[in-house]
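1. structural data only, the sequence is not supplied:
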């Protein structure tokens, strides 16, 4: 029998539950955005009319082998949004707009939901401006 201090057991990893919970964060966006992917390989939401363009991608969830990723482009595009993140959520970042989770973490998921909503309209506006700048004017 082992001796020493006992630590509380961590809940088992359930990536399917993490995937479902992260998708719930994106569900309220369905009425304002286009869901361009929603299946076992993940979920993607984009700005209507800008689907498939890099600046039209808003957010997504992608299950992986070691974690479930939540992508939120408004964090990358907004230094103010990035600065408002908690150190705990920042530790989950991989790259500039990706957060990785192995377990459900309700306080961090609530923060992600808040960031998602707070950054949405400014991101959409900036993406539409970027699209106008990158798309040649149609001749009449």
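-> In hand now; what should we look at? Quick caveat: nothing in here was measured; it's all calculated off a predicted structure.

2. max-length helix in the chain?
-> The longest helix of the chain (DSSP state H) is helix 106-134.

3. next, the buried residues of that helix.
-> By neighbour count with 16 or more other Cβ atoms under 10 Å, helix 106-134 contains the buried residues 108-109, 111-112, 115-116, 119-120, 123-124, 127, 130. Placement of C-beta: from N, CA and C, glycine included.

4. wait, isn't residue 93 in contact with residue 101?
-> No: at 11.2 Å, residue 93 does not count as touching residue 101 under the criterion of Cβ atoms under 8 Å.

5. higher neighbour count, those two?
-> residue 101 (21 against 15; other Cβ atoms under 10 Å).

6. beta partners for the more buried one?
-> Bridge pairing for residue 101 (DSSP bridges) gives the partners residue 68.

7. ok, now which ones touch it?
-> Going by Cβ atoms under 8 Å, 6 or more residues apart in numbering, residue 101 touches 18, 22, 67-70, 92, 108.

8. now do residue 38
-> By Cβ under 8 Å, 6+ apart, residue 38 lies in contact with residue 44.

9. quick one: residue 124 from residue 93, how far?
-> To residue 93, residue 124 is 22 Å away according to Cβ to Cβ, to the nearest Å.
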